[in-house]
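Q: return a 3D structure for these sequence lines:
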Amino acid sequence: MKRKFAFVIATVCTLIIAGCGNGGNTNSGNNGTATNAPKESAATEATKAPAKDVTIKMFQFKVEIAEQLNTLAELYEKETGVKVEVETHGGGEDYGALLKAEIASGSEPEIFNNGGYTALVPYMDRATDLSDQPWAAKLIPTSKTPATVDGKLYGMPMNVEGYGLIYNKDLFTKAGITEEPKTLSQLKDAAAKLKAAGITPFEATNEWWSMGMHLVNVGLAHQPDPKKFVDDVKAGTQTFKGNAVFEQWLDLVDVIFGNAQDNKMTTDYATQVADFASGKAAMMMQGNWTQGDIDKIDPALNLGLLPLPISDEEGTILVGVPNNYVVNSKSAHPEEAKAFLNWLVSSETGKQYLTKEFKFIPAETDIETAAEDIGQVAVAVQEKSATALGWNWDMFPDGVTQGFGAAMQEYLGGQINHDQLLEKLDKSVQDIVKQ
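A: Reported below is the predicted structural model:
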């Protein structure tokens, strides 16, 4: 069944941004809405073929769509004569550091990815105002917030994503689990039943970004006011250590790490997804971006999505905009870059790739989605989004989440205890903000 994406997400994303602290962007002037609404004539301009024999470079981090994006770039070149050179860095790589190195080398890619909020600040001298682009008026309003500064939109939201505990329904049935665990106690009980049935409860990963961004964010999102908490931690007036929410969050971390596979310290992202898709574990903390890779191994896998609870209150999934496409004003061909991004979300080819090949939940309200295209996990994200909390890690300056990830890796390996972990999270912030 096809559905207009506005159906649930318009409500969902209001809650997402509330979870980020009523907007979350200290640089935003008006709750994420751009002051310059695109003109109707812009659509006509966008259909004008860009210059021939031009090459633009996209420096992007989404490893899950690298192959499909390269194919799409070839189709765009055939249609327009403009070559799109796609360079992908993600997974276990530090995309932010590599982007800095790319620019420092003198290369100025036409399009690059940025999470917005604090992460956008160092690139404001390059970010192009995209407020007048024809797709801007069609965005879920709150999806604009991370890349909006003083009412102007400086990035195209890549898509909308959600994460929680993806689970194998058939393995749950095999272990005699008949209801989805929603609280921490229920999750512990489910893990015990799975182990008793000879099933590994969790497939964990050693990736810094999965732990340092996604897992730490569970504690951030459960703060009464996530934005205030982040601001206070940066100011040194609040700490992770001694925070009641993060003390509860440690219980969730222990349930996952303590019931994971034996080789978790050497399991990278690709291995985590592959092993889960092969039925080697019942759950993994990941999001709908993994659907394509799961389908390559077992497209018939019966999947669901569980919340991430930290107490005996029902948990939630976490939903947000993973990244934005930024057009580099210092590049050779920024106008051609704009044309490519508009084609991506307005042409039938582009829209088909977004939903059927990338399996994205679009940020644009006029792009239709079908359950068979975006996959079971994305459908579950849509269904559970009404109570979702938001993504908050991009409110920290670059380098902080890498520090979070390093501390989480130490804890995963049993090298530090609870107090030391929380102390290292605090130190990760202060080491960067004091520079």
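
Q: now the strands for the chain?
A: 2-4, 54-60, 82-88, 111-114, 148-149, 152-153, 156-157, 161-168, 283-287, 303-306, 318-320, 324-327, 368-370 (DSSP state E).

Q: got those strands as a markdown table, with distance to residue 404 and mean neighbour count columns?
A: In short, each C-beta sits where N, CA and C put it, glycine included. Putting these into a markdown table (distance: least, CB to CB, whole Å; neighbours: other CB atoms under 10 Å) gives the following:
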| stretch | distance to residue 404 | mean neighbour count |
| --- | --- | --- |
| strand 2-4 | 36 | 12 |
| strand 54-60 | 23 | 21 |
| strand 82-88 | 24 | 19 |
| strand 111-114 | 19 | 25 |
| strand 148-149 | 25 | 24 |
| strand 152-153 | 29 | 23 |
| strand 156-157 | 24 | 26 |
| strand 161-168 | 16 | 26 |
| strand 283-287 | 15 | 24 |
| strand 303-306 | 23 | 21 |
| strand 318-320 | 15 | 29 |
| strand 324-327 | 21 | 25 |
| strand 368-370 | 33 | 16 |
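
Q: of those, which is nearest residue 66?
A: strand 82-88 (4.1 Å; CB to CB).

Q: alpha carbons of the closest one, as PDB, please.
A: Provided in PDB are the C-alpha atoms of strand 82-88 (Å, rounded to 0.1, in the frame of the first residue of the first chain):
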ATOM      1  CA  VAL A  82      27.000  15.900 -15.900                       C
ATOM      2  CA  LYS A  83      29.300  13.400 -14.300                       C
ATOM      3  CA  VAL A  84      28.800  12.900 -10.500                       C
ATOM      4  CA  GLU A  85      31.900  11.400  -8.900                       C
ATOM      5  CA  VAL A  86      30.900   9.700  -5.600                       C
ATOM      6  CA  GLU A  87      33.500   9.100  -2.900                       C
ATOM      7  CA  THR A  88      32.100   7.200   0.100                       C
END
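
Q: quick one: the helices in the stretch 51-200 of the chain?
A: 66-80, 95-104, 169-174, 184-196 (DSSP state H, counting those that start in this stretch).

Q: pick the most deeply packed of these.
A: helix 184-196 (a mean of 18; mean count of other CB atoms under 10 Å).

Q: pLDDT on it, on average?
A: Averaging pLDDT along helix 184-196 yields 98.

Q: what does stretch 213-220 give?
A: In this model, stretch 213-220 has an average pLDDT of 98.

Q: so how far is that stretch from its chain's centroid?
A: Chain-centre distance of stretch 213-220: 12 Å, with CA atoms, centre = their mean, to the nearest Å.

Q: ok, residues contacting that stretch?
A: 163, 226, 229-230, 240, 243, 245-246, 249, 252-253, 256, 285, 287, 308, 310, 318, 391-393, 401, 404-405, 408, 425 (CB atoms under 8 Å, 6 or more residues apart in numbering).

Q: before we move on, back to that, of all the strands of the chain, which lies closest to residue 204?
A: strand 283-287 (7.5 Å).

Q: ok, back up a step: turn the strands of the chain into CSV, including distance to residue 72 and mean pLDDT.
A: Listed next are the strands of the chain as CSV, based on distance: least, CB to CB, whole Å; pLDDT from 0 to 100:
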stretch, distance to residue 72, mean pLDDT
strand 2-4, 21, 39
strand 54-60, 10, 97
strand 82-88, 8, 97
strand 111-114, 13, 97
strand 148-149, 27, 96
strand 152-153, 23, 98
strand 156-157, 15, 98
strand 161-168, 19, 97
strand 283-287, 22, 98
strand 303-306, 26, 98
strand 318-320, 24, 95
strand 324-327, 13, 98
strand 368-370, 18, 92
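
Q: save the helices of the stretch 51-200 of the chain as a markdown table, and put in distance to residue 155 too.
A: Converted to a markdown table, these look like this (distance: least, CB to CB, whole Å):
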| stretch | distance to residue 155 |
| --- | --- |
| helix 66-80 | 17 |
| helix 95-104 | 14 |
| helix 169-174 | 37 |
| helix 184-196 | 36 |
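
Q: ok, which of the ones you listed comes nearest residue 275?
A: That would be helix 169-174 among those, by CB to CB, at 12.8 Å.

Q: chain center to that closest one, what's the gap?
A: The mean C-alpha position of helix 169-174 is separated from the chain mean by 28 Å, CA atoms, centre = their mean.

Q: packing partners for it?
A: helix 184-196 (3 or more CB pairs under 8 Å, 6 or more residues apart in numbering; DSSP states H and E).

Q: hmm, back to that, of all the strands of the chain, which one is nearest residue 333?
A: Nearest of the strands of the chain to residue 333, taken as CB to CB: strand 54-60 at 5.1 Å.

Q: returning to that earlier point: nearest to residue 279 among the helices of the stretch 51-200 of the chain would be which one?
A: Of the helices of the stretch 51-200 of the chain, nearest to residue 279 by CB to CB is helix 169-174, at 6.8 Å.

Q: give me the mean pLDDT for the closest one.
A: Regarding helix 169-174, the rounded mean pLDDT is 98.

Q: which outside residues touch it?
A: 190, 194, 197, 199, 279, 282, 301, 302, 303, 304.

Q: before we move on, back to that, to residue 322, which of the helices of the stretch 51-200 of the chain lies closest?
A: The nearest among these, by CB to CB, is helix 95-104 at 11.5 Å.

Q: pick out the residue closest to the middle of this structure.
A: Nearest to the centroid of the C-alpha atoms of the chain, with distances taken as CA atoms, centre = their mean, sits residue 322, at 3.1 Å.

Q: show me the contacts for the nearest residue to that residue once chain neighbours are set aside.
A: Once flanking residues are discounted, residue 322 sits nearest to residue 161: 4.9 Å by CB to CB, 6 or more residues apart in numbering. If you count contacts by CB under 8 Å, 6+ apart, residue 161 has them with 287, 288, 289, 319, 320, 321, 322, 361, 381.

Q: quick one: the first one from residue 182, how far?
A: As defined by CB to CB, to the nearest Å, residue 287 lies at a distance of 18 Å from residue 182.

Q: the third one now?
A: According to CB to CB, residue 289 and residue 182 sit 23 Å apart.

Q: chain neighbours aside, what residue packs nearest to residue 290?
A: Closest to residue 290 by CB to CB, 6+ apart is residue 273, at 5.2 Å.
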